[in-house]
Structures are given as C-alpha cells and as structure tokens.
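Sequence plus the predicted model coming up.
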Amino acid sequence: MDIAELLVVLVVSLALTAFARAKGLPAPLLVTAAALAASFVPGLPHIEIDSDVILTVVLPPLLYSAALDVTWQSFRQSLRQIRRLGIVLVIVTAIVVGAVAYLLVPDMTLPAAILVGAIVAPPDAVSAAAIGRKLGLPRRVMTVLSGESLINDAASLTLVRVFTLIIAGESLTLWEDAGIFALAIVVGLLVGGVLGVLVHWLRMRLGDPVIATIMSILLPFVAYVLAEELGGSGVIAVVTAGLYIGYNSPKEGYETRLQERPLWTSADVILEGFVFALIGLQLNTVVRETLASDRSLLESVGVAFVVLGVVVLVRPAFVFLSYWRRRLNGRWLRPLVVRATRGRPRLRWLRGAAEPRMTWQELTVISWTGMRGVVTLAAAVAVVSSPTHIPAQDTIFLIAFVVTVGTLLLQGLTLPIVIRRLHVHDPGEHERDTAAELLLSHRTTEAAIDLIRERQDVWAERYGREAVDATVGRLRRRLERQAEDFQHDAEDERLDAREAPSRLTAAEVQAVRRELLARRREVVLREREHGALDEEVMRRVLISLDAEELAMDSSQAGRSRS
C-alpha cells in the first residue's frame, strides 16, 4: 500500500465514521460494509494487508489507548473472568476449531488445523465496546470485555508462533510449548513494567507536558518492538505499560492529562476506521485467490462458514459453563479456604478476590461479543506469506476473512438488539457514581479548608495579614459552593470588587490556589489507594480539578498578554 492509497483509505474511513457518529450508527459496521462494496469497484487498486504494519504500527496504539482507559481496580476484581476469556477461551477455541477443520479439510494436518483455530480465536472488542458504551452496559461487563481484548491477542499470537514452529519441523515437547508461553508472558511483563516505570519517572521530573505526551506516543511502539525482539509478547508489554501509566497518571501534571485524553481518543477513531476499512477491502482479493486455488469454491466457502458457526457457538458455551462452574466451586471451596487461612496472614493470598456476580442477561451479552478484527486477518497473512509451507494454506485466509466479516456483521448488527431486549443495564450505577462524586467533592473541599487553617498564618507572614484574610475568605466561600454544585458563579467577581483595596496580587492568589488544588488531589489519590473510590469517579473529579487549574492558568496567561 503506497502513501496515496493509505491517505485515501484514511480520509474515506474517517468521513464514514463521522457520518455514523452523527447519525448514531455503529461506525465499524458502516465502514466495513462500505469497504466490502468498494472492493469490487472497477479500477480500484487491490489493497492488501501488510501483517508487519498492522501488528507493529496499528495494534500497539490501539492496545495502549484501551489499557489507559481500563480502571485497575475493576480489572483486578474481574481478573479471573478476564483470564478465562482472554487465555483459556482462546486455547479452547483453537482446539475445537482445529478439530473441525482437521475433519473437514482432507489435506490439512492437525498442527495446521490448530493453527487455523489460533488465528480465528481472539475477539476484537473495539466495536463491542463502542456499542456497549453507547447503550450503557454496566461497568463490570465493560471491564470484562475491555480486559479480555487486552490479553487475548497475546495468547492467540503466541499459539500461532508455537504451531508455526511445529509445522516448520521443530518437534516441540509439551514443556517446550509451555516454556514459549511462559517466556512470552514474563518478558512482556518485564519489558512493559520497566518501560512504564521509567517513562512515568521521567514524566514526573521533566514537567514538560509536550515532551511527556510525545513519550506516551512512542511508548507503545517501543514496548512492542523491544518485547518481540527479546522473544516475549509485544501485546503484553504494551498492555502492562498502558495499565501502569494509566494508573499513575493522576500523579502527573494536569496539562499532560488534558493533552493526552483528546489525543488518544482521536487516534482510536482514525485507527479503528482504518482497520475496519482494510478488513472490508480484502473481499475482492479473497474471492480471486479462492477462484485461483485447486479447491472448489463451494467446498472452501462451506468449510469457512462451518468454522464461523463453530466460533460463534463455542463462546457462549464456554462463558456460561465456566462461569457457573466457578460460582459453584466458589460456593463450596471459598468458605473452606477462608476458614483455613483465618489468622494466618501468609496464607491469605490463597483466598483471592471474589469474582463479581453476573446475571444470565449479562453473560448472554458477553457471549455475543465475539466479533473478530484485524489481528485475525494480520495473523492469517503472516502465516500464508511465511516461507514455511502450510498444508491447505489456500483456505486459511478465506476462513479468517469469513470469520472476521461474518462475526462483525452477524453479532455486530444484532448486539444492540440483544442488549435492549435483555435490558442489560445498571439503573443505579449513575446515581451511585453521582453520590460518590459528591461525597469526594465534600472531602476534598474539607481538606482544602483544613489547609487554609494550617497555612493562613504562613501566608499572612509571606503576603500580609489583611490581604490574606480577605482572599482566603473568598477562596473558602468558593470551595464551599463547589462542594454543593461543582460550579463557579458570578458572585466571586462582586466579592473581588468589594475586596479590591486589600486583595493579593494575581501571582500570590495563584500560589495559594495551587496549594489548595494539590491538597484536594492528595485526598483523591488517598481515597483511591485505600480502595474506597471507584476509578471512574476519581477520573471525573480529577477532570474538574484539572479544568479549574487550566482556567486559572489561561486567565493568568491572558492577563500577561494584556
């Protein structure tokens, strides 16, 4: 794909995405459908997927952005279910699909069949998450979907690596297979963790929001490439770095957060549109390659649709069976473990975190969010174009394409209907968040007022008693009003006018207000660290504090220019 073709795909996919967002339509499905139709337009160049570009350039920023948005507390609470879906379900899907493909395709060996299963195993939660956010899925469901999408690509690509080596003639034992998985996980965690800590440390000390944002842009690419070069999982490295940076971003400067938030949102929109356009544009290529193969078109398409059906059915069976088995084990085993570890701090880790309960309606929605994405096609292209001879490789890309497009259209189009019909939402979630936000606002305000009491004499010695008393009284009234309605009003200007003879200078007011804002952020972080605050609520409160400091700096800059 040359630069001109790339720009055309980007611009057209962005235009379709903008239209879909304006009309309230699912953008991934509209872009995919338009690209499917456009692939047969006469004279349109055949745009093929470059697996290296997709896995190295497109995938890392999408994963990193998703990891930044995941709340660590919710991720940790749902880790068992995320692990089951992101790792165990990928392996189960690869085995089941592999068995079916082995039976249906005469010249396909068992390792090649399982390789096909590994390629089509990982769902892409981009479109599901977009639909879920729009329709108000409960946070616990969104956490599971987002968390699964962060790790299932790593499991799938590692399986692809293992079975490609087996097909190439390397006789790997079960322990060697497990060693490849362990190496991928350990190296990915180490690379992502080290880079995350290093970048956060540098950003805390540089104090330059522009450089900090550039470091954030480069981090997912560096993490992915470095982990892959060391034999680890680039996906795990990117996710680990993203989770660490996202968790610690409240400790960094507010300007960095305000710059990064729209940056990554914009990157998500343009990359997701590009990915789904690229998927649809492969239809013409798939049809031509299938017609050119020795196998009959009807036979190849039939196998692909059977695999599609298997992929769709395996997920709900696994989701329900594994969840209820886990609940049953928890009902009988967890009380025994709790009693056995009571009074023994060294053994308390055996208890683990209780898995959040889910209704059958929520499990149904999770079961129906198995849409595949560009990772499936990129893995298929990488396998087909590798120097290793893969048995029945002419059908691999066809199967990957049919599964990807089939799940996108079948499940993507019907998912909103499923969510609405089953009434999957948490009506009290918004009220709970609002109450928690109000409570946190009161606590930060009380902490700021306490700081005023502690520092008032210090400020009086530094700036003058009369000026400090007048300004501190005004700031205290402002804080008390913020605790009630989170807004400033025009009364401050009238108070400023009455207190003008004894006001502090603008720079002195800025210094006092910055100390108050710093104390309020300390309270927010302390509440988060103690586990008494949901991170979604924390982020909303931080946004309001960041906006207040931004308005303060903008006002100061305006006065400086004048």
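Yep, that arrived.

which residues touch the residue lying closest to V116 once chain neighbours are set aside?
Leaving aside its chain neighbours, V116 sits nearest to A101 (5.0 Å; criterion: Cβ to Cβ, 6 or more residues apart in numbering). C-beta coordinates here come from the backbone N, C-alpha and C atoms, glycine included. By Cβ atoms under 8 Å, 6 or more residues apart in numbering, the contact list for A101 reads M108, A113, V116, G117, V303, V307, I399.

Check T93 too.
G117, V120, A121, V311, V314, R315, F318.

how far does the one helix or strand it maps to sit from the chain's center?
Assigned by DSSP states H and E, T93 belongs to helix 89-104. How far helix 89-104 lies from its chain's middle: 27 Å, per Cα atoms, centre = their mean, to the nearest Å.

Could you point out the helix or strand that follows the helix or strand of the chain with the lowest mean pLDDT?
The helix or strand of the chain with the lowest confidence, counting by mean pLDDT, DSSP states H and E, is helix 491-498 at a mean of 44. The element immediately downstream of helix 491-498 (helix or strand, assigned by DSSP H and E) is helix 506-529.

mean confidence for that next one?
Helix 506-529 shows an average pLDDT of 76 in the prediction.

Pull out the buried residues from it.
Neighbour-count burial for helix 506-529 flags 508-510, 512-513, 515-517, 519-521, 523-524, 527-528 (criterion: 16 or more other Cβ atoms under 10 Å).

what do you get for stretch 200-216?
Neighbour counts over stretch 200-216 (16+ other Cβ under 10 Å) mark H200, R203, P209, A212, T213, M215, S216 as buried.

and the residues you listed as CSV, adding distance to R474?
Shown next, in CSV, are the buried residues of stretch 200-216 (distance: Cβ to Cβ, whole Å):
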residue, distance to R474
H200, 36
R203, 34
P209, 29
A212, 33
T213, 35
M215, 39
S216, 37
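
thought R443 was touching E527?
Yes - if you go by Cβ atoms under 8 Å, R443 and E527 touch, sitting 7.1 Å apart.

Pick out the residue nearest the middle of this protein.
Among the residues of the chain, the one closest to the centroid is A66, at 1.9 Å (Cα atoms, centre = their mean).

For that residue, list the residues it contacts.
By Cβ under 8 Å, 6+ apart, the residues touching A66 are A129, S146, S149, L150, G242.

Just the buried ones from these?
Taking 16+ other Cβ under 10 Å as the criterion, what is buried in these is A129, S146, S149, L150, G242.

so what's the fourth one closest to, chain neighbours aside?
So the one you mean is L150. For L150, ignoring the flanking residues on the chain, the nearest one in space by Cβ to Cβ, 6+ apart is V239 at 4.6 Å.

returning to what we had before: specify which member of the buried residues of stretch 200-216 is nearest to I47.
Comparing the buried residues of stretch 200-216 against I47 with Cβ to Cβ picks out S216 as the nearest, at 30.0 Å.

The closest one touches R261, doesn't it?
No - applying Cβ under 8 Å, one finds S216 not in contact with R261, separated by 11.0 Å.

ok, so what distance separates the residue nearest to the centre of the chain from R315?
20 Å (Cβ to Cβ, to the nearest Å).

just V375 next, same as before
As for V375, its distance to R315 is 16 Å (criterion: Cβ to Cβ).

likewise S233?
Distance, S233 to R315, using Cβ to Cβ: 23 Å.

Among these two, which residue is more densely surrounded?
S233 (29 against 21; other Cβ atoms under 10 Å).

Report the contact partners of that one.
Applying Cβ under 8 Å, 6+ apart, we find S233 in contact with A154, L157, T158, A184, I185, V187, G188, A227.

Turn those residues into a markdown table, including pLDDT, distance to Q393 and secondary structure.
Output for the contacts of S233, formatted as a markdown table (pLDDT from 0 to 100; distance: Cβ to Cβ, whole Å; DSSP: H, G, I helix; E, B strand; the rest coil):
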| residue | pLDDT | distance to Q393 | secondary structure |
| --- | --- | --- | --- |
| A154 | 88 | 24 | helix |
| L157 | 89 | 18 | helix |
| T158 | 89 | 20 | helix |
| A184 | 90 | 24 | helix |
| I185 | 90 | 29 | helix |
| V187 | 94 | 29 | helix |
| G188 | 93 | 28 | helix |
| A227 | 94 | 28 | helix |
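
Could I get those in a markdown table, plus columns for distance to S544 and neighbour count?
Converted to a markdown table, the contacts of S233 look like this (distance: Cβ to Cβ, whole Å; neighbours: other Cβ atoms under 10 Å):
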| residue | distance to S544 | neighbour count |
| --- | --- | --- |
| A154 | 36 | 27 |
| L157 | 40 | 25 |
| T158 | 42 | 25 |
| A184 | 41 | 25 |
| I185 | 39 | 18 |
| V187 | 40 | 21 |
| G188 | 36 | 29 |
| A227 | 37 | 27 |
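
Out of these, which is nearest to T32?
Nearest to T32 among the contacts of S233: L157, at 22.5 Å, using Cβ to Cβ.
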